[in-house]
Structures are given as C-alpha cells and as structure tokens.
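Visitor: Can you look at this prediction? I've put the sequence above it.
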Amino acid sequence: MREIRIALLEADVSLPVVKSFIAQVKEQALGEKVVKSVKPGQMVIKIVHDELVKLLGAESSELNLAAQPPVCILMVGLQGSGKTTTSAKIANKLKSRKKVLLVSLDIYRPAAQEQLAQLASQINVVSLPIIKGEKPAETTKRALSEAKKGGFEVVILDSAGRLHIDNELMNEVVEVKKIANPTETLLVADAMIGQDACNVAKEFNEKVGVTGIVLTRIDGSARAGAALSMKMVSGAAIKFLGTGEKIDEFEEFHPDRLAGRILGQGDVVSLVEKAIENVDHAEAEKMAKKMMKGKFDLEDMLAQLKQVQKLGSIGNIIGMLPGLSKFKNQIEEAGVGDGLIKKQEAIILSMTIKERRNPDIIKASRKKRIAAGAGVEVHEVNKLLKSYEQMSTMMKRMGKMGGMGSLSALKNGPLGGMLGGMGKGFPF
C-alpha cells in the first residue's frame, strides 16, 4: 500500500484522493481470494489497476449530442490549458458527421478569437465572424441565431480562461451557459496541473456544472494523475486526451490505458495504434525484405528515423513503454530525445547518396565535410556511424534468424546502446 501511495503521489494524484482510493483498495484486497500461481503483491497490483479502471471509466466517454439542433458544447477551464486548440480538435473530430460552428467567447486574451478563426480555416470548419467589443453573452445569442439560419448541428463555444479562478470568470460562464443550454460542459485541464487539480475541478463543478473532462498535454512528463483527482471530485466522465499540439493529436479516453500510465506501466496499445495510423506499411515491408537479406545502409537508417518521428516525441514513446516510463525524465535529460534524432537526420542528409549506400568509404576528410554540412562536430558523425554499425549488425543477426530477432539482439542495438550508459537502473 505504501508503494501504491507513492506511485499515485508521484503521478500527481491529490493527497485526499490518494487516501480515499487506498482505503477502497484495502477493502477489496483484504477480502480477495488467493489465486494460485499469483503472488499476493501481484494480486494487489491487479486490484489497484482494476479499481483505477472502474473509477476512471464508470461513465460513457461519448459526447452527448442528443438534443434539438443546434446542440451546444461549452468549453471551460483556466487560461493556458489548451481550450482553443481542443475546441478545434473536437470540431475536426465531429465535422465528418455533423455541421459544426466554432465560436470564440474569449475577448480578453490578445488574438484568442483570431487564433480560433485560423484553426477553423485549417480544418475547413466555419467560425462565427468576430465583432470587436461584443460581450460573450451577446456573441452566444448571435451564434445560436446564425447556427439556426445556417443549419449547423453543433456549436462549440470556446469560453475565456483566467490565470486563476475568479468570480468574474465564473459569472460570465454561468451567464453563457444559461443562454446556450449546452448538452456538454467540458472542463479542459493540463495533465501537468498537479495537486491543484482538485480545486479547479471542484470550483468549476460547483459553479458551472461539469459534464466531462478533457486532459491536454498528456504527451509531457506528467503521468496524468490529475485525471483521477478531477474524476473523483467532479464525478464527470473523462472524454478525450490531447496528446500533442497538432490537430490530429487527440484521442478518445480509454480508462485501462490511463490506469497503466498512472501506475507507470506504460500504454503499449496506444503506441501500436499510433504506429498503425502513421507508419508507412509499404516502407515497412520493403525494410523487412532488406532485413531478411541482412542488408541495411544509412538510407534505411534515415527512413527509420523519419518513421520514428511520425509516432510523436521520444519522451511520449518512452512513456508508453512498460518499465521505461519512470525513466522518461532521465532519458530526456541525457539528450536521448527529439534533438538527437534531428541531429542524426541532418548528418545523414549532408552525406552523398554514394556515402549513404556505402558507409565504408567515409574516411576522416569526408567526416569533416559531413560535420560542417550538418553543423556538428566530427565526434558526432563518428557516434552516428557507430550507432549505424550496431544497427546493421543487429539487422544481419535478425536476418539469419528468419526475421524473428531476439531480445539480446535488441539490447545490443542502438536503443540499448543509447540507454545503456545512463545508469544502472535501466533494463538495458
């Protein structure tokens, strides 16, 4: 229980929520039957995981759009939580089946209304024309009138945020809610909000009434314990997770996956889904054939680096891998991140086609030219070539084994080499 308490506190779950959750788990664990071949410690972890899943996902994460059109979705939250981008992401998600109107009610943050209009233009969704000096309540009335005239089915209202909760903000949001009568009031919160999650959820729920939560910046170093805190305080369902700044970096909430992240167990399923969506299958098949023949050059390595970048930041990928998520910060601090991949890409791109296809011809004078072209030092070129040699050796081994590979081959590969020298705590 002590270890579980520490894990939850490290994941930024608030103390009162941790105490309440631990009490529930104790109750479950004391009455649990002993399962053969499962150690008591493992059984407790299973109970903790199951209890987390139950708490995080008791309600449906589907948006409630069952009302007479135009249906309103009201976005609320503190400034900087990502409300405007999230509004555009939800519009992008709905536009294939609903006619959506985006409306900015933020008259305080400089260029906030222009930002939403620009995002709407990017995703080919209509945004309500801006009238300078118009109050949020008047804008809401105008939006509903325009939506009825234009046959819009969903109106997304992006309300103004503040740096902290104040009465002015709450009164304004309450007034907008009375006019719009939204089917969903979504609280947008930063996953890195930490221990303040309970206060934010409590205030918005008491004053406005929250029906759902959207957690942004889930790709950061936070393990999203704020989700559990907010869910337990507000009782509102978690609807979506923002996994990055781009419009398409947005996913539906799965309680079992987030429970794994909070406990530091990773989220392999989301990583696999991301790979299926972003990886070029023809390129992957071509690579597999080359691997089977034991062939691998620097052009192949460049293609691999580009494929990895499509999956998102290295920190995010590591956070999804079981056993490695807890080392995420250390890995990023050691420089094994997006900067390193971009640097390696620049080095390979400053080589000639002949050098990429036959790295053995790269001698001292060529290394100097490559380093100058990529804006790096010669030792960094040497480092990349060594990493390539390790990867090439691994590919040859996997080719000999019929493409099945082995754990030892993976450990001796470039990822193992990059992580291995960073401390005894790493499983590589």
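Guide: Here it is on my side, so go on. Residues are numbered from 1 along each chain as shown.
Visitor: ok, now how distant is the residue nearest to Val126 when sequence neighbours are not counted from Asp190?
Guide: Leaving aside its sequence neighbours, Val126 sits nearest to Leu101 (C-beta to C-beta, 6 or more residues apart in numbering; 5.5 Å). Where you see a C-beta, it was placed from the backbone N, CA and C, and this is true even at glycine. Leu101 sits 26 Å away from Asp190, going by C-beta to C-beta, to the nearest Å.
Visitor: and what of Met287?
Guide: From Met287 across to Asp190, the span is 38 Å (C-beta to C-beta).
Visitor: Settle it for me: which of these two has more neighbours?
Guide: Each of Met287 and Asp190 has its neighbours counted (other C-beta atoms under 10 Å); Asp190 has more, 22 against 17.
Visitor: And for the host helix or strand of Lys26, what's in contact with it?
Guide: Using DSSP states H and E, the element containing Lys26 is helix 15-30. Residues from elsewhere that reach helix 15-30 (C-beta atoms under 8 Å, 6 or more residues apart in numbering): 1, 4-5, 8-9, 13, 43-44, 47-48, 51-52, 55, 195, 198, 228-229, 232-233.
Visitor: Among these, which ones are in helices?
Guide: Among the contacts of helix 15-30, the ones falling in helices (DSSP state H) are 4-5, 8-9, 43-44, 47-48, 51-52, 55, 198, 228-229, 232-233.
Visitor: Most neighbours among these, please name it.
Guide: Ser229 (31 neighbours).
Visitor: quick one: the closest residue to Asn92 other than its chain neighbours and Val25, what's the gap?
Guide: Setting aside the residues directly before and after it, Asn92 is nearest to Ile123 in space (C-beta to C-beta, 6+ apart), at 4.5 Å. Taking C-beta to C-beta as the measure, Ile123 falls 43 Å from Val25.
Visitor: What does the pLDDT read for the residue nearest the centre of the chain?
Guide: Taking C-alpha atoms, centre = their mean as the criterion, Thr243 is the residue nearest the geometric centre of the chain, at 2.2 Å. Turning to Thr243, the model gives it a pLDDT of 82.
Visitor: Quote the end-to-end distance of stretch 345-356.
Guide: Start to finish, the residues bounding stretch 345-356 are 12 Å apart (C-alpha to C-alpha, to the nearest Å).
Visitor: can you offset everything so residue one is 206?
Guide: Got it, first residue is 206 now, which makes that one stretch 550-561.
Visitor: Mean confidence (pLDDT) on it, please.
Guide: 90.
Visitor: Then stretch 412-423?
Guide: 88.
Visitor: Can you get me the start-to-end distance on that stretch?
Guide: First-to-last residue span, stretch 412-423, C-alpha to C-alpha: 26 Å.
Visitor: Any chance you could list what contacts that stretch?
Guide: With C-beta under 8 Å, 6+ apart as the criterion, stretch 412-423 contacts 266, 268-269, 281, 286-287, 290-291, 375, 378-379, 382, 388-397, 406, 409, 429, 431-432, 435-436, 439, 441-448, 458, 466.
Visitor: from the chain's centre, how far out does it sit?
Guide: Relative to the centre of its chain, stretch 412-423 is centred 16 Å away, using C-alpha atoms, centre = their mean, to the nearest Å.
Visitor: With stretch 331-342 instead?
Guide: Relative to where its chain is centred, stretch 331-342 has its mean C-alpha point 31 Å off (C-alpha atoms, centre = their mean).
Visitor: Residues touching it, excluding its own?
Guide: If you take C-beta under 8 Å, 6+ apart as the criterion, stretch 331-342 is touched by 305-310, 312, 318-319, 321-322, 325-326, 344, 347-348, 351, 355, 357, 364-365, 377, 380-381, 384.
Visitor: Where do the strands of the stretch 206-355 of the chain begin and end?
Guide: Ranges of strands within the stretch 206-355 of the chain are 276-281, 305-309, 331-332, based on DSSP state E, counting those that start in this stretch.
Visitor: Include distance to Ile558 and mean neighbour count when you put the ones you listed into CSV, please.
Guide: As requested, these are exported to CSV (distance: least, C-beta to C-beta, whole Å; neighbours: other C-beta atoms under 10 Å):
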stretch, distance to Ile558, mean neighbour count
strand 276-281, 50, 26
strand 305-309, 47, 27
strand 331-332, 46, 22
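Visitor: which one of those strands lies closest to Leu545?
Guide: strand 276-281 (36.5 Å; C-beta to C-beta).
Visitor: Name the residues that touch that closest one?
Guide: 268, 270, 288, 291-292, 295, 349, 358-364, 366, 378, 381-382, 385-393, 409, 413, 415.
Visitor: Narrow those residues to those in strands?
Guide: Among the contacts of strand 276-281, DSSP state E puts 359-363, 389-393 in strands.
Visitor: Let me see the mean pLDDT of the longest helix anywhere in the chain.
Guide: In terms of residue count, the longest helix belonging to the chain (DSSP H) is helix 583-605. Helix 583-605 carries an average pLDDT of 81.
Visitor: list the helices and strands it packs on?
Guide: helix 486-497, helix 503-515, helix 543-554, helix 569-579, helix 612-616, helix 619-625 (3 or more C-beta pairs under 8 Å, 6 or more residues apart in numbering; DSSP states H and E).
Visitor: Name the residues of it that are buried.
Guide: The neighbour-count check on helix 583-605 (16 or more other C-beta atoms under 10 Å) flags 585-586, 588-590, 592-593, 595-597, 599-604 as buried.
Visitor: In the stretch 306-455 of the chain, what residue spans correspond to helices?
Guide: 317-327, 341-355, 372-385, 402-412, 430-439 (DSSP state H, counting those that start in this stretch).
Visitor: now the angle between helix 402-412 and the last one, please.
Guide: The reference is to helix 430-439. 30 degrees (axes from the mean of the first three to the mean of the last three C-alpha atoms, to 10 degrees).
Visitor: what mean pLDDT does helix 430-439 have?
Guide: On average, helix 430-439 scores 79.
Visitor: Next: the longest one.
Guide: The average of the pLDDT scores along helix 341-355 is 94.
Visitor: From Gly366, how far off is Glu373?
Guide: Glu373 sits 12 Å away from Gly366 when distances are taken as C-beta to C-beta.
Visitor: More neighbours: the two, which one.
Guide: Neighbour comparison, Glu373 and Gly366: the larger count goes to Gly366, with 24 against 10 (by other C-beta under 10 Å).
Visitor: ok, Glu408 - contacts?
Guide: By C-beta under 8 Å, 6+ apart, Glu408 lies in contact with 370, 375.
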